[in-house]
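**Student:** Quick one, what's the 3D model for this:
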Amino acid sequence: MYNYRWYAYVLIAIALIIEPFISKWFSIGVAYPDILLILMLMLSMGKKDNQILIVSAATGFVYDMLYGRFLGPMTVLFFLRGLLTIVIGRRFKQENVLMLTLIGFAMALVSRVYTIILTVGFKDFFRAFGMFIADIVFSALYTAVIIMVITTVMFLIYNSYGRRSKRLLYGKNNRDT
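**Tutor:** Residues are numbered from 1 along each chain as shown. Just a heads-up that it's a prediction; the model follows:
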């Protein structure tokens, strides 16, 4: 396990500040990717559990301070994302692209439902559920596809070096011959 480097904190700070602009630039219709979810999933690979929780809760708190009407809701959401990331990290390997994609889809779906309920209210959300479902599912799918592409690229880059790449490509390493 290793600690966060300084550039991870800078990346999170930059993502917090320009997240609304990035979401608008990469939006397709009403769907937009959850940039902070993607960044937190990528940065949490191989980190210590307490670091994931602290960074995710602090990110949610700063997000509430910048964009929320009151403090708390996004802090709770990001903290729960951190807990789920820890559970996922203990169960599955980071090379499991399909599992990370499915988890990213589920987390994006829950996050989008949560933010829409906070915006319009609980009663109005279920009254107009049909109106919101296309936005929710398409945004979650869009986020999951981006997570899948980034995870696949990271997996290919990671496995293109050293003995591990030879073992994966040829089914054996130098010690086997």
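**Student:** Which residue ranges of the protein form helices?
**Tutor:** Counting by DSSP state H, residue ranges of the helices within the chain are 6-25, 35-43, 49-67, 73-91, 97-120, 122-127, 129-158, 162-170.
**Student:** pretty sure residue 76 contacts residue 61?
**Tutor:** No. Distance between residue 76 and residue 61: 10.0 Å, which falls outside the contact criterion (C-beta atoms under 8 Å). Bear in mind the C-beta positions are built from the backbone N, C-alpha and C, glycine included.
**Student:** who has more neighbours, these two?
**Tutor:** More neighbours surround residue 61 than the other of residue 76 and residue 61, with 17 against 13 (other C-beta atoms under 10 Å).
**Student:** Excluding covalently adjacent residues, which one is nearest to the more buried one?
**Tutor:** residue 75 (4.7 Å; C-beta to C-beta, 6 or more residues apart in numbering).
**Student:** Let me know whether the one you found touches residue 62 as I believe.
**Tutor:** No. With contact defined as C-beta under 8 Å, residue 75 does not reach residue 62; the gap is 9.0 Å.
**Student:** These two: who's more crowded?
**Tutor:** Between residue 75 and residue 62, residue 75 has the larger neighbour count (other C-beta under 10 Å), namely 20 against 17.
**Student:** List the contacts of the more buried one.
**Tutor:** 57, 60, 61, 63, 64 (C-beta atoms under 8 Å, 6 or more residues apart in numbering).
**Student:** pLDDT wise, what is it at?
**Tutor:** What the model reports as pLDDT for residue 75 is 87.
**Student:** begin at 6 from here
**Tutor:** Noted, 6 is the first residue going forward, which turns the last one into residue 80.
**Student:** what's the distance between it and residue 68?
**Tutor:** Distance, residue 80 to residue 68, using C-beta to C-beta, to the nearest Å: 8 Å.
**Student:** Equivalent analysis for residue 22, please.
**Tutor:** Remark: distance between residue 22 and residue 68 (C-beta to C-beta) = 10 Å.
**Student:** Same check on residue 101?
**Tutor:** For residue 101, the distance to residue 68 equals 28 Å [C-beta to C-beta].
**Student:** The two - which one has more neighbours?
**Tutor:** Using other C-beta under 10 Å as the criterion, residue 101 and residue 68 rank with residue 68 on top: 19 against 15.
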